[in-house]
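# Just the structure for this:
(one chain, ligands or ions: 2)
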Amino acid sequence: MSDKPTLTVLAGPTAVGKGTVSTYIRDHYPQVWLSVSATTRPPRPGEINGVHYYFVSASDFDDLVAKGSMLEWAVVHGRNRYGTIRETVERAMAEGKSVLLEIDLQGARQVKQTMPDANFVFLAPPSWEEMVRRLVGRGTETPEEQQQRLETAKLELAAESEFDHTVINDDVQRAAEELVSLMGLVPNPR
Ligand SMILES: Nc1nc2c(ncn2[C@@H]2O[C@H](COP(=O)(O)OP(=O)(O)O)[C@@H](O)[C@H]2O)c(=O)[nH]1
Ligand SMILES: Nc1ncnc2c1ncn2[C@@H]1O[C@H](COP(=O)(O)OP(=O)(O)O)[C@@H](O)[C@H]1O
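Numbering: from 1, shown residues only. Ligands and ions are numbered 1, 2, ... in the order given. This is a model prediction of the structure:
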């Protein structure tokens, strides 16, 4: 008998470090089952199908939605679609694994509707200025796209109170340790 939460949803504003913290967890906490999302966005150099995402065509994504195979899905940043494949998550949960979904706010709200008992964790930046620094420093968006993401980030930051817990991503290792603790797991010794 264990009371540890089996499904944890991690969301937060753009460039807060969701991907960085999730990658850290994938590399350091093999006991966490990190969901691999489907997306219509093309792979970036170095991204591996089935590891970082399942890269699918728009029509394959349509089929997954039509068949009811998506636990949640959303158009993120006004462009590509991203979604969580229901069956893989349900199987991992049935096997008693500690499941982590790194998804956007729209997706987190959908999971809240269908799985209200899941553990909802909001990843917050140490400050607005630091978040802007990370977004600009990452250098993967044009200035126009950065501006659009910052507008969305204002709405996303306002949703923090919808979550069960907030983790501030000041330091990646520390934030990851707090997150795994919230998942009912024991952080690695330092
Ligand atoms: N709703 C939803 N959002 C997702 C899913 N997978 C990734 N995202 C979000 O999609 C956004 C874009 O992710 P990505 O293309 O990897 O990188 P980015 O564009 O550099 O942030 C991030 O905000 C992720 O949280 C998913 O399965 N469902
Ligand atoms: N704790 C941190 N301290 C400093 N920089 C960070 C931290 N976490 C992430 N970053 C950096 O911030 C940028 C955005 O992180 P990323 O994981 O791509 O964000 P998201 O997935 O939330 O959009 C990246 O350049 C990343 O290296």
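# Helix or strand: which one has the residue in the chain positioned nearest to ligand 1?
Using C-beta to the nearest ligand atom, Gly107 is the residue of the chain that sits closest to ligand 1, at 2.4 Å. Heads up, the C-betas are built off the backbone N, CA and C, glycines and all. Using DSSP states H and E, Gly107 sits in helix 105-114.
# Pretty sure Trp33 sits against Leu100.
Yes. Using C-beta atoms under 8 Å, Trp33 is in contact with Leu100, at 7.0 Å.
# residue contacts, the residue nearest the centre of the chain?
Centroid check for the chain by C-alpha atoms, centre = their mean gives Glu102 as the closest residue, at 1.4 Å. If a contact means C-beta atoms under 8 Å, 6 or more residues apart in numbering, then Glu102 has 10-11, 18-19, 22, 34-35, 37 as its contacts.
# Make a PyMOL selection of whichever of these turn out to be buried.
When burial is assessed using 16 or more other C-beta atoms under 10 Å, the buried subset of the contacts of Glu102 is captured in PyMOL by this command:
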select buried, resi 10+11+18+22+34+35+37
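# Near ligand 2, list only the ones from the contacts of Glu102.
18-19 (C-beta under 6 Å from any ligand atom).
# Which two of the contacts of Glu102 have the greatest separation?
Within the contacts of Glu102, Ala11 and Leu34 form the most distant pair, 14.3 Å apart (C-beta to C-beta).
# Which strands and helices lie in contact with the helix or strand containing Arg174?
If you go by DSSP H and E, Arg174 is part of helix 172-182. Packing partners of helix 172-182 (3 or more C-beta pairs under 8 Å, 6 or more residues apart in numbering; DSSP states H and E): strand 7-11, helix 18-28, strand 119-124, strand 165-168.
# Can you say which of the ones you listed is packed in most?
Among the helices and strands packed on helix 172-182, ranked by average contacts under mean count of other C-beta atoms under 10 Å, first place goes to strand 7-11 (a mean of 24).
# That one to strand 119-124, inter-axis angle?
Interaxial angle, strand 7-11 versus strand 119-124 (axes from the mean of the first three to the mean of the last three C-alpha atoms, to 10 degrees): 20 degrees.
# what helices or strands is strand 7-11 leaning on?
Using 3+ C-beta pairs under 8 Å, 6+ apart: strand 7-11 touches helix 18-28, strand 98-102, helix 105-114, strand 119-124, helix 172-182.
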